[in-house]
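**Q** I'd like to go over a predicted model; first the sequence, then the structure.
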Amino acid sequence: QVQLVESGGGLVQAGGSLRLSCAASRRTFSSYGMGWFRQAPGKEREFVARINWSGDTTYYADSVKGRFTISRDNPKSTAYLEMNSLEPEDTAVYYCAAQFLNEWRYWGQGTQVTVSS
């Protein structure tokens, strides 16, 4: 079992930046691929970005490519999502997830990101 806790959300103006953090409860954090997802009001949850266990492979949704950066610090058991050039369309609850056996098995509780125009 892995517990994930997101932080760093908030209200920001369009064009601004935020950095989300996802702290994991287990020291085996480096065993898991990590990902970020988001869910806007009235919409389904969508994939944002993922990173492999070592941090040397990343993948992004087209909508955030070039603006968002996913990273991880395995000794700190923490994953990050650096978000730049934020747009009102990025407004959503952001969730981190841990991947185990090709399944997004563990999820955080989410953190709200609101981008004002």
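**A** Looks like it arrived, so ask away.
**Q** Walk me through which strands the single longest strand found in the chain pairs with, and which way each runs.
**A** Ranked by number of residues, the top strand in the chain under DSSP state E is strand 92-100. Here strand 92-100 is paired, per DSSP bridges, with strand 33-39 (antiparallel), strand 103-107 (antiparallel), strand 111-116 (antiparallel).
**Q** got the buried residues for the longest one?
**A** Residues of strand 33-39 classed as buried by neighbour count (16 or more other Cβ atoms under 10 Å): 33-38. (Glycine included, C-beta is placed from N, CA and C.)
**Q** what's next to it, contact-wise?
**A** Residues outside strand 33-39 that contact it (Cβ atoms under 8 Å, 6 or more residues apart in numbering) are 20, 22, 45-53, 68, 70, 72, 79, 81, 90, 92-99, 104, 110, 113.
**Q** just the buried members of these?
**A** By neighbour count, with 16+ other Cβ under 10 Å, these hold 20, 22, 47-51, 68, 70, 72, 79, 81, 90, 92-99, 104, 110, 113 as buried.
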